[in-house]
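Chemist: Here is a sequence together with a model predicted from it:
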Amino acid sequence: MRPGQEGALGCCGLCTCPGTTGDEIMHQDIVPLCAADIQEQLKRRFAYLSGGRGQDGSPVITFPDYPAFSEIPDKEFQSVMTYLTSIPSLQDAGIGFILVIDRRQDKWTSVKASVLRIAASFPANLQLVLVLRPTGFFQRTLSEIAFKFNRDDFKMKVPVIMLSSVPELHGYIDKSQLTEDLGGTLDYCHSRWLCHRTAIESFALMVKQTAQMLQSFGTELAETELPNDVQSTSSVLSTHTEKKDKAKEDLQLAQKEGQRLLESLREPLAESTAHSVNQDQLDSQATVQRLLAQLNETEAAFHEFWAKHQQKLEQCLQLRHFEQGFREVKATLDTASQKIATFTDIGNSLAHVEHLLRSLASFEEKSSVAVERARALAQQGQQLIENKHYAVDSIHPKCEELQHLCHQFATEIGSRRALLSKSQELHRLLETSMKWCDEGIYLLASQPVDKCQSQDGAEAALQEIEKFLETGEENKIQELSKIYKEYETILNPDLLDHVQKVFQKQESMQEMFHRRQASLKKLAAKQTRPVQPVAPRPEALTKSPCPSPGSWRGSENSGPEGSALRRGPYRRAKSEMSENRQGRDSSTGDEEEGLAILRRHVMNELLDTERAYVEELLSVLEGYAAEMENPLMTHLISTGLHNKKDVLFGNMEEIYHFHNRVFLRELERCTDCPELVGRCFLERMEDFQIYEKYCQNKPRSESLWRQCSTCPFFQECQKKLDHKLSLDSYLLKPVQRITKYQLLLKEMLKYSRNCEGAEDLQEALSSILGILKAVNDSMHLIAITGYDGNLSDLGKLLMQGSFSVWTDHKKGHTKVKELARFKPMQRHLFLHEKAVLFCKKREENGEGYEKAPSYSYKQSLNMTAVGITENVKGDAKKFEIWYNAREEVYIVQAPTPEIKAAWVNEIRKVLTSQLQACREASQHRTLEQSHSLPLPAPSSTSPSGGNSRHVKKQEERKTDPLSLEGYVSSSLPKPPEKGKGWSKTSHSLEVPEDEGGWSSAEEPINSSDAEEDGGVGPKKLVPGKYTVVLDDEKGGPDTLAMRSGDVVEVVEEGAEGLW
């Protein structure tokens, strides 16, 4: 390499430069001739460079005897001359070349032409031209004469010596520098020389291309701009590494090729140590060695350059990772700080505060991942700075900001926890005080008044009170001002009001204790007065216990001693009566206090369980439902759970928001007046309808849970929540909660009978039971299969239940009728406002909700064509539902008489409402058709609503002044008279429980009280209360006048059948 070029990364072209040294080959700008380009001309061997040297080191070019020398084209001849003269080093070429022209077998004319041609076109310096002239006598003589006479034609810068023989040639060039055909000993093989020259030049070209490739790659690396994101930086680093590996492979391939070539050049010497190496061979070896050295230097320089570039790219990638992590962590911590800022609630009870503390701990635990990552990232940044990263100015501020964010988050969490701990401490104090007050009130209420009237009883009660008051030092609020000062940071208006109420309650309770103490002290210190016995007068024993006025007057005129004796017992009796009255008043007050305590206990249980319920719902929604959308938990979710969150949890979130935001807060407002809690339920009764939707979805949820209960997702969530029970237990909580309310309302109602909100409590209890019934009914209703219509068109579902049913169809075959009476069918009946459905209950296989029954629809009866017979002979649990004038009769047997009564009453209400609607429609049509007819009488308040007069004249019975058939529907109706319609009848709700003989329908053919017995005769009249449905004002003087709506009791007198 030329001076100043060491270590350069391919700054110039690398190629084989024939006739130059290794340095010159590496740095020649002009593209020279290569052996491969003139390989055919060189193979002719009309001239060759054997490697021999003259005495002064001049390179020897030999022109062997070549008959067709004159036929060689000038261009080819010139190319070969140029190539041969370019092979020796510049130093050797500078001395000048010695040309040996062998023309011993040629003619003089050819010799002259050859010498002239060579002299004219030789491109380099000549030192000496030696010509072996022809050996023939004539030609030799001719050449001598011609050479003398034509000397001027050979005027050249160097002498031309004509030699007659080879020994003369040896006088000019040593035999060791001449080939064998010139009598020398120089080992020369033209084909081997040509192969070596081609390989050397090919290797030089490879070195040049490798250097150029490395130069181009180095330029590309130097000009590459560092990316701004992790992905691009990783891509650039990967791409550059691949290119570096490829360049390294090319470089190693070139080095291997050079080593192989060098070994090939050294091969003759390795085979025989006696073999002499000419100068050209030495030059070739030196050239290959220089090229190999150049490759090694280039490789070292490239490795150094690549190491710096790779370090910069890796540092850039580290920086991008650091920056990306910084952005993510900062965003997470900023979000966490913003969320902490929204945590302003300090709790409204001890359970609420504890829930907030658990929520804060859970939030801190979830955020701890981001905090730990921020700290690790800051430590990573410090490590980059210590490793002398090129972007220290960018890394250092970010590390400081990360440390600040971690410290800020820890401070905010600590501050929030301190506030909640203060709130927890205060609420614990308040609840302790309230519990102490409740225990005190309970103690007062539990002390028996009668036992306290004695001295010993009063002392014992007094000791109980004093012992209880001693516990107040550690349980009650001592100083209100101290509380204000100690908890000033958390006392918001609501909490301040709560503190004041608790303190007032405490003061009131203590005042009650002081009053009780004062009374008990008086009773304990009371001395029994001596009673002086007074003997009665003898005559008084024989008189009436009630003295006459005279005797009283005689007493009044007696002396003062007698007056004193009389007044003493009277005053004592009056005092004792006053004390007894006070005792009774105290007993009543204590009883009220006891009931108030029990109401408060029920209210506390309602509030505590409500808060626990809300907390459990929240834990399920956050710990399970929300985690189903967490990307970090996706791998744990089985395929069967994908997009099934709404199926599994139903509308639990809607239930949670209702209780957390609305219902719980309203319940808390009733803490001081538990008896008014019924109003809360009544005002939110419509909101409780959301439970119907949840319960209807419960079978699907249960089925999905059974399929996926072993999913690792549920186990991981349960582990995180530290739940002892699995998810299915918590999914049952809403069902359990809605049934719990009616129990609590019953308890509250039991202790609030004489309170202001008793009616609301009773109504709330009824409404909750109605909701439970509606939920239960809807669960059965959705299990109906096979019904073609829309169940909602049938109106509200009133009742549902399972019965044994016998059928009797008049149009059916006799044998079928008889068979039907003895083989009941098990049917599940659904009573709607407009129809009654008969379904067959089918139990499903499985467990839990999967075992819930389904109902196959069989038939339905339109209520407009339905009639009932309330009593069926022989069984108090049976009743009849008949259809279309008893064309179809269904004998229904209920499980119990009570269920039968409930169904009969409900069907009666439906038929009565239809009757009333039909009457109103008929009256409306009558008014429209004739304005001259008198208006109908106002409807009565009886359930039947029957208020019109009967236009048919009633047949009077001689045996009974009261004609029942015209007023009470208690038997099969008679056919209507011509031109007159049937009256619409009904019965009031005051039916005797033991009989229940009642029927109602729009037409008489739809009504029957008795079971048909061959269709002959009405059923026997039974005693009981009946409602009059038709007015009767035309009876005789002995006839009882009755109006529609009157209730009468029919009693059988004697054995004569009189009523």
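Modeler: Cool, the structure landed.
Chemist: all helices of the stretch 51-200 of the chain, in order?
Modeler: For the stretch 51-200 of the chain, the helices defined by DSSP state H, counting those that start in this stretch occupy 74-86, 90-95, 108-121, 137-149, 166-172, 190-223.
Chemist: ok, now the stretch 801-950 of the chain?
Modeler: Listed in chain order, the helices found in the stretch 801-950 of the chain under DSSP H, counting those that start in this stretch are 814-822, 897-929.
Chemist: Quick check: mean pLDDT of the shortest one?
Modeler: The pLDDT scores in helix 814-822 average 51.
Chemist: List the buried residues for stretch 188-198?
Modeler: Within stretch 188-198, the residues scored as buried using 16 or more other CB atoms under 10 Å are 188, 193, 194, 196, 197, 198. C-beta: built from backbone N, CA, C; applies to glycine.
Chemist: and residue 455, how many neighbours?
Modeler: Other residues lying near residue 455 total 14 when counted by other CB atoms under 10 Å.
Chemist: Which residue is the nearest non-sequential neighbour of it?
Modeler: If you skip the residues right next to it in sequence, residue 455 has residue 524 as its closest partner in space, 5.6 Å away by CB to CB, 6 or more residues apart in numbering.
Chemist: Would you agree that neighbour is in contact with residue 462?
Modeler: Yes. Between residue 524 and residue 462 there is a contact under CB atoms under 8 Å: 6.0 Å.
Chemist: Pull the number of nearby residues for residue 729.
Modeler: Look at residue 729: counted by other CB under 10 Å, it has 12 neighbours.
Chemist: check which helix or strand covers it.
Modeler: In this assignment (DSSP states H and E), residue 729 forms part of helix 727-731.
Chemist: which helices and strands does that helix pack with?
Modeler: Contacts of helix 727-731 with other secondary structure elements, assessed using 3 or more CB pairs under 8 Å, 6 or more residues apart in numbering; DSSP states H and E, are made with helix 560-620, helix 690-708, helix 712-721.
Chemist: switch the cut-off to 10 Å
Modeler: In terms of contact count using 3 or more CB pairs under 10 Å, 6 or more residues apart in numbering; DSSP states H and E, helix 727-731 is assigned the packing partners helix 560-620, helix 645-649, helix 690-708, helix 712-721.
Chemist: so which of the helices of the stretch 801-950 of the chain gets nearest residue 659?
Modeler: helix 897-929 (32.4 Å; CB to CB).
Chemist: Go through that closest one and flag the buried ones.
Modeler: 900-901, 903-904, 907-908, 910-912, 914-916, 919.
Chemist: Closest one to residue 729 out of these, please.
Modeler: Ranking the buried residues of helix 897-929 by separation from residue 729, with CB to CB as the measure, puts residue 903 on top at 36.3 Å.
Chemist: Provide a list of residues in contact with the closest one.
Modeler: 798-799, 801, 803, 829, 831, 836, 868, 870, 879, 881, 892, 894 (CB atoms under 10 Å, 6 or more residues apart in numbering).
Chemist: picking up where we left off before, surely the residue nearest to residue 455 forms part of a helix?
Modeler: Yes. Inclusion of residue 524 in a helix is indicated when DSSP: H, G, I helix; E, B strand; the rest coil is applied.
Chemist: what's the distance between it and residue 450?
Modeler: 15 Å (CB to CB, to the nearest Å).
Chemist: Have a look at these two and say which one is more surrounded.
Modeler: Neighbour totals were compared for residue 524 and residue 450, and residue 524 leads with 18 against 9 (other CB under 10 Å).
Chemist: surely that one meets residue 465?
Modeler: No. Applying CB atoms under 10 Å, one finds residue 524 not in contact with residue 465, separated by 11.5 Å.
Chemist: Quickly note the distance from residue 824 to residue 425.
Modeler: In terms of CB to CB, residue 824 sits 69 Å off from residue 425.
Chemist: could you point out the longest strand in the protein?
Modeler: Scanning the chain for the longest strand, with DSSP state E as the assignment, gives strand 797-809.
Chemist: buried sites along that one?
Modeler: Applying a neighbour-count criterion of 16+ other CB under 10 Å, the buried positions in strand 797-809 are 797, 798, 799, 800, 801, 802, 803, 804, 805, 806, 807, 808.
Chemist: can you tell me which residues contact the closest residue to residue 611 other than its chain neighbours?
Modeler: Distance criterion CB to CB, 6+ apart; nearest residue to residue 611, sequence neighbours excluded, is residue 351 at 4.6 Å. With contact set as CB under 10 Å, 6+ apart, residue 351 has these partners: 427, 431, 607, 608, 610, 611, 612, 614, 615.
Chemist: now residue 382
Modeler: Residue 382 makes contact with 395, 396, 399, 403, according to CB under 10 Å, 6+ apart.
Chemist: Now it: which helix or strand?
Modeler: Here residue 382 is assigned to helix 350-386, by DSSP H and E.
Chemist: how about stretch 761-770 as PDB, C-alpha atoms only?
Modeler: C-alpha atoms of stretch 761-770 as PDB (Å, rounded to 0.1, in the frame of the first residue of the first chain):
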ATOM      1  CA  LEU A 761     -93.900  -2.300  55.900                       C
ATOM      2  CA  GLN A 762     -96.900  -4.500  55.300                       C
ATOM      3  CA  GLU A 763     -97.300  -3.200  51.800                       C
ATOM      4  CA  ALA A 764     -93.500  -3.600  51.100                       C
ATOM      5  CA  LEU A 765     -93.600  -7.200  52.400                       C
ATOM      6  CA  SER A 766     -96.600  -8.000  50.100                       C
ATOM      7  CA  SER A 767     -94.800  -6.300  47.100                       C
ATOM      8  CA  ILE A 768     -91.600  -8.200  47.700                       C
ATOM      9  CA  LEU A 769     -93.500 -11.500  48.000                       C
ATOM     10  CA  GLY A 770     -95.300 -10.500  44.700                       C
END
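Chemist: could the contacts of residue 382 go into CSV alongside secondary structure?
Modeler: What follows is the contacts of residue 382, written out as CSV (three-state DSSP):
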residue, secondary structure
395, helix
396, helix
399, helix
403, helix
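Chemist: who wins for most neighbours among these?
Modeler: Neighbours were tallied for each of the contacts of residue 382 (criterion: other CB under 10 Å), and the maximum of 23 neighbours falls on residue 395.
Chemist: re the thing from before, what is in contact with residue 524 and residue 462 at once?
Modeler: Common contact partners of residue 524 and residue 462 (CB under 10 Å, 6+ apart): residue 452.
Chemist: Domain parsing of this structure, as residue ranges.
Modeler: By the record's domain assignment, the chain is partitioned as 39-186, 203-303+315-322, 343-522, 605-779, 787-812+819-844+851-924 (the TED database).
Chemist: and the helix or strand residue 294 falls within, what does it pack onto?
Modeler: Element membership for residue 294, per DSSP H and E: helix 279-342. If contacts are counted by 3+ CB pairs under 10 Å, 6+ apart, helix 279-342 sits against helix 22-27, strand 48-53, helix 90-95, helix 190-223, helix 230-271, helix 350-386, helix 392-446.
Chemist: looking at those, which is buried most?
Modeler: strand 48-53 (a mean of 23; mean count of other CB atoms under 10 Å).
Chemist: Which strands border that one, and is each parallel or antiparallel?
Modeler: Strand partners for strand 48-53, identified by DSSP bridges, are recorded as strand 59-63 (antiparallel).
Chemist: got the CA positions of the strand it pairs with in PDB?
Modeler: Extracted in PDB, the C-alpha atoms of strand 59-63 (Å, rounded to 0.1, in the frame of the first residue of the first chain):
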ATOM      1  CA  PRO A  59      14.100  -8.900 -17.600                       C
ATOM      2  CA  VAL A  60      14.500 -11.200 -20.600                       C
ATOM      3  CA  ILE A  61      11.800 -11.500 -23.100                       C
ATOM      4  CA  THR A  62      12.300 -14.400 -25.500                       C
ATOM      5  CA  PHE A  63      10.900 -14.500 -29.100                       C
END
